[in-house]
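Asks: Prediction below, plus the sequence it came from.
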Amino acid sequence: MLLRLPFTLSSALLSPPLHPHRSKPFSSLSSSPNPNPNPNHSSNTTLPLFLRPLSYSAPVSSLLSFRLWAESLALSSVDDPHLLRELSWLIDDASAHKHPRNDSLVPLRAELHELYELWRERIEKRRPFQYLVGCEHWRDLVLGVREGVLIPRPETEMVVDLVGEVEGFERGWWADLGTGSGALAIGIGRMLREDGRVFATDLSSDAVEVARFNVERYGLKDKVEIRQGSWFEPLQDVKGKLAGIVSNPPYIPTSHLPGLQPEVGLHEPRLALDGGENGMDHLLHLCEGSASALKSGGFFAFETNGDAHSEFLADLMTAKWGKFFHNIKIVLDFAGIKRFVTGYCR
Ligand SMILES: C[S@@+](CC[C@H](N)C(=O)[O-])C[C@H]1O[C@@H](n2cnc3c(N)ncnc32)[C@H](O)[C@@H]1O
């Protein structure tokens, strides 16, 4: 079972630490993804560390020196008990041998000096751990991520479960708007039958590239199509035919951005965070557009900044767009926060 530590975009305000949520090093996973995705989609510098070839080596003593240096740097700076665990994961991902003999060389996926540099960035620049190793655990997936692409959050995982509860979802055409790393599109795509499809859009070319890489790694190119463009723009050909729309759009109010913890505010893309003056700009656009993009009976699930935002959105959809939508509900996330607004198109 994965170790889950609470971290949501909205709880990133006022500096709680950015916790990775995993119990195993990536290199120990033996799941079904393609271990050799098309190298044209990703240069070695953006390939997740655990997928890189073992091109380097270092004496055990040098790796031990790195660990001791990195531990002392961690203990002397940021007050975060998870850092030492991250350090172990970094070393696990970077090296092939768990328990090398004392006299041996340890095969490495990165040069030792790169590990020093990465750790310095983690501590001194508060670069998120997930960008250091180039991936994040999300549901039972290991998704590639890099700067320019939002690190998928645990609370968003629930959207896949909400889709799984929709009658006949397996055969429908779905849209994931603002797909980022492709997390939701891949999570949904894996549950679909042959005729089911996911169309995933994002404005960011970094996100589109990384999402395509992840889709290919999970062998879902026939099911999940990544399209670049703004929200519904790239979906004109499927307008009115969608069985469902999911989205975790940018929803942080602009004035809250300076208060984000450094890992988020300094390193994650503003395009993925900034929801406008009150955080609702994109959500309102998505609700309005869904009325014509969904087919009759189509389902939607939108993630919000929580509580008051969900209530506002659900009330507005009932009052202003009630002639288009029905069965509008607020769904709690695992922390008990009113996180999602769901419903159906009339
Ligand atoms: C909060 S992130 C969510 C990413 C991903 N769905 C997830 O849950 O991890 C929002 C995403 O919306 C994308 N985005 C922002 N503005 C957009 C627009 N106008 N059209 C399409 N995507 C947009 C961002 O690039 C980002 O990938």
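Replies: Yep, that arrived. Numbering: from 1, shown residues only.
Asks: Alpha carbons of stretch 222-237, as PDB, please.
Replies: Taking C-alpha atoms only, stretch 222-237 is exported to PDB below (Å, rounded to 0.1, in the frame of the first residue of the first chain):
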ATOM      1  CA  ASP A 222      -5.000   4.000 -29.300                       C
ATOM      2  CA  LYS A 223      -7.100   5.100 -26.400                       C
ATOM      3  CA  VAL A 224      -5.800   8.500 -25.300                       C
ATOM      4  CA  GLU A 225      -5.200  11.300 -27.700                       C
ATOM      5  CA  ILE A 226      -3.400  14.400 -26.500                       C
ATOM      6  CA  ARG A 227      -4.200  17.600 -28.300                       C
ATOM      7  CA  GLN A 228      -2.600  21.000 -27.800                       C
ATOM      8  CA  GLY A 229      -4.900  24.100 -27.400                       C
ATOM      9  CA  SER A 230      -7.000  26.100 -25.100                       C
ATOM     10  CA  TRP A 231      -9.800  24.100 -23.200                       C
ATOM     11  CA  PHE A 232     -12.500  23.100 -25.800                       C
ATOM     12  CA  GLU A 233     -10.800  24.700 -28.800                       C
ATOM     13  CA  PRO A 234      -9.100  21.400 -30.000                       C
ATOM     14  CA  LEU A 235     -12.300  19.400 -29.400                       C
ATOM     15  CA  GLN A 236     -14.500  21.000 -32.100                       C
ATOM     16  CA  ASP A 237     -14.800  17.600 -33.900                       C
END
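Asks: what is the mean pLDDT for that stretch?
Replies: Mean pLDDT, stretch 222-237: 98.
Asks: Can you confirm whether it lies near the ligand?
Replies: Yes: Stretch 222-237 reaches the ligand (Cβ under 6 Å from any ligand atom) through Ser230, Trp231. C-beta here means a position set from N, CA and C on the backbone, and glycine is covered the same way.
Asks: what does stretch 149-167 give?
Replies: Yes: remark: stretch 149-167 sits within contact range of the ligand at Leu150, Pro152, Thr156, by Cβ under 6 Å from any ligand atom.
Asks: I'd like the distance from the last one to Thr179, if you could.
Replies: Spelled out, it's Thr156. As for Thr156, its distance to Thr179 is 11 Å (criterion: Cβ to Cβ, to the nearest Å).
Asks: in which helix or strand would I find Phe340?
Replies: strand 338-345 (DSSP states H and E).
Asks: So what are the sheet partners of that strand and their directions?
Replies: Within its sheet, strand 338-345 is paired with strand 294-303 (antiparallel), strand 325-332 (antiparallel), according to DSSP bridges.
Asks: quick one on the thing from earlier: Thr156 and Thr179 - which one has more neighbours?
Replies: Thr179 (32 against 23; other Cβ atoms under 10 Å).
Asks: Apart from its chain neighbours, what residue comes closest to the more buried one?
Replies: Ala200 (3.7 Å; Cβ to Cβ, 6 or more residues apart in numbering).
Asks: swap in Glu303?
Replies: Asn248 (4.0 Å).
Asks: I'd say the one you found and Thr156 touch.
Replies: Yes: proximity of Asn248 to Thr156 meets the contact threshold set by Cβ atoms under 8 Å, at 5.0 Å.
Asks: Spit out the residues that contact these two alike.
Replies: By the contact definition Cβ atoms under 8 Å, 6 or more residues apart in numbering, Asn248 and Thr156 are jointly contacted by Leu184, Glu303.
Asks: Can you show me the strands along this structure?
Replies: Under the criterion DSSP state E, the chain contains strands at 56-59, 105-108, 135-138, 141-144, 173-177, 197-202, 224-228, 242-247, 294-303, 325-332, 338-345.
Asks: In a markdown table, list those strands along with mean neighbour count.
Replies: What follows is the strands of the chain, written out as a markdown table (neighbours: other Cβ atoms under 10 Å):
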| stretch | mean neighbour count |
| --- | --- |
| strand 56-59 | 18 |
| strand 105-108 | 19 |
| strand 135-138 | 25 |
| strand 141-144 | 24 |
| strand 173-177 | 27 |
| strand 197-202 | 26 |
| strand 224-228 | 21 |
| strand 242-247 | 25 |
| strand 294-303 | 22 |
| strand 325-332 | 15 |
| strand 338-345 | 23 |
